[in-house]
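**Q** with the input below, show me the fold.
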Amino acid sequence: MSDLDHEPDEPVDGQDGDDIPVPSNITQLFPEDGQALRIAEALLFAASEPLSEASLADRLPAGSDVASLLAQLRARYEKRGVNLVNVGGKWAFRTAPDLAFLLRREAVETRKLSRAAIETLAIIAYHQPVTRAEIELIRGVTVNKGTLDVLLETGWIRPRGRRRTPGRPLTFGTSEGFMQHFGLETLTDLPGLEELKSAGFLDLTAPANFAMPIPRDREDGDYEEDEDPLDAEDLTALESAQLRD
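**A** Numbers count the residues shown, from 1 in each chain. Okay, here's the model as predicted:
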């Protein structure tokens with residue numbers, strides 16, 4: 001029998017169900033110390049679960065310094081796309097922390113707006129700039145702060161400025177995200193009274209004096225006479241999600 005002849009591969013029982021076939025005379029196949037490092041590297045890459053040092057020792061050439069091999073591999077992969085890490089006392093290759101975002105799976109979560117949120121959004125779209133108090137006056141009910149928060153989180157409304165009235169309440173308007181989501185080129189593309197009636201969104205028996213405002217497009221810096229832009233303090237509070245009426 002030649003030096004390379006050997007018995008059929010036998011599975012070596014490892015931990016966590018990682019049974020990787022290893023030749024029975026592996027020490028004859030790879031006598032050089034450098035090969036032990038390669039074998040350890042291959043075993044760690046092929047394993048579906050982290051491997052313990054004892055499990056690695058069972059698969060490596062006899063006399064291999066497992067701790068030293070792991071230290072070498074850890075140093076070798078320290079600045080690469082994958083790192084060798086200790087996971088609960090066992091070893092495995094993992095994506096480098098600074099690259100983890102590239103492999104993160106993102107799923108779009110569909111959220112259905114409540115009736116209150118839809119009504120509030122419609123009032124803001126047609127009456128902007130409008131304050132929370134004005135929204136409540138139009139709806140006839142109190143506007144829950146959570147309703148405005150949901151619309152702000154969707155990116156469909158934005159704080160515009162502050163009304164020049166006692167308390168200087170915030171004014172709200174629609175955002176660029178609102179325009180993009182609903183496919184509007186300008187705010188004047190919003191459906192009018194007759195369009196809403198024909199679509200069944202308004203009662204056909206609405207009062208004779210019922211009217212709907214026609215929103216006009218406003219560019220950044222285009223404020224009403226009684227409206228001031230947000231100041232630096234407002235913008236700082238907005239960035240830290242602490243802006244309040």
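
**Q** which regions of this protein lie under the pLDDT threshold?
**A** Where the chain drops to pLDDT under 70, the residues are 1-33, 106-109, 193, 196-221, 238-245.

**Q** outline the domain layout of it.
**A** As given by automatic domain parsing, the domain ranges for the chain are 10-103, 115-238.

**Q** quick one: the helices in the chain?
**A** In the chain, the segments counted as helices under DSSP state H are 26-29, 33-46, 53-59, 66-76, 115-127, 132-139, 145-154, 176-181, 193-198, 232-239.

**Q** turn the domains of the chain into a markdown table, columns for mean neighbour count.
**A** Placement of C-beta: from N, CA and C, glycine included. Converted to a markdown table, those look like this (neighbours: other CB atoms under 10 Å):
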| stretch | mean neighbour count |
| --- | --- |
| domain 10-103 | 15 |
| domain 115-238 | 14 |
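
**Q** pretty sure Lys88 contacts Glu49?
**A** One correction, residue 88 is Gly, not Lys. No: counting by CB atoms under 8 Å, Gly88 stays clear of Glu49, with 10.6 Å between them.

**Q** which residue packs closest to Tyr223, ignoring adjacent ones?
**A** Leaving aside its chain neighbours, Tyr223 sits nearest to Gly161 (5.6 Å; criterion: CB to CB, 6 or more residues apart in numbering).

**Q** got the contact list for that neighbour?
**A** 129, 170-171, 223, 227-230 (CB atoms under 8 Å, 6 or more residues apart in numbering).

**Q** quick check: the residue lying closest to Ala67 once chain neighbours are set aside vs Glu225, distance?
**A** Closest residue to Ala67 apart from its sequence neighbours, by CB to CB, 6+ apart: Glu53 at 6.9 Å. Remark: distance between Glu53 and Glu225 (CB to CB, to the nearest Å) = 76 Å.

**Q** could you do Tyr77 as well?
**A** 65 Å.

**Q** same deal with Ile39?
**A** As judged by CB to CB, Ile39 and Glu225 stand 79 Å apart.

**Q** cool, Thr147 as well?
**A** In terms of CB to CB, Thr147 sits 28 Å off from Glu225.

**Q** isn't Arg168 right up against Ala133?
**A** No: taking contacts as CB under 8 Å, Arg168 lies outside contact range of Ala133: 12.0 Å.

**Q** so Gly89 is in contact with Leu51, correct?
**A** No: judged on CB under 8 Å, Gly89 makes no contact with Leu51 at a distance of 10.5 Å.

**Q** skipping adjacent residues, who's closest to Ala133 in space?
**A** Pro169 (6.2 Å).

**Q** same check on Glu136?
**A** Closest to Glu136 by CB to CB, 6+ apart is Val143, at 5.1 Å.

**Q** assess the claim that that neighbour and Arg132 are in contact.
**A** Yes: here Val143 reaches Arg132: they are 5.6 Å apart, a contact under CB under 8 Å.

**Q** anything in contact with each of the two?
**A** Joint contacts of Val143 and Arg132 (CB under 8 Å, 6+ apart) do not exist.

**Q** ok, Val143 - contacts?
**A** Taking CB under 8 Å, 6+ apart, we find Val143 in contact with 116, 120, 132, 135-136.

**Q** noted, bye for now.
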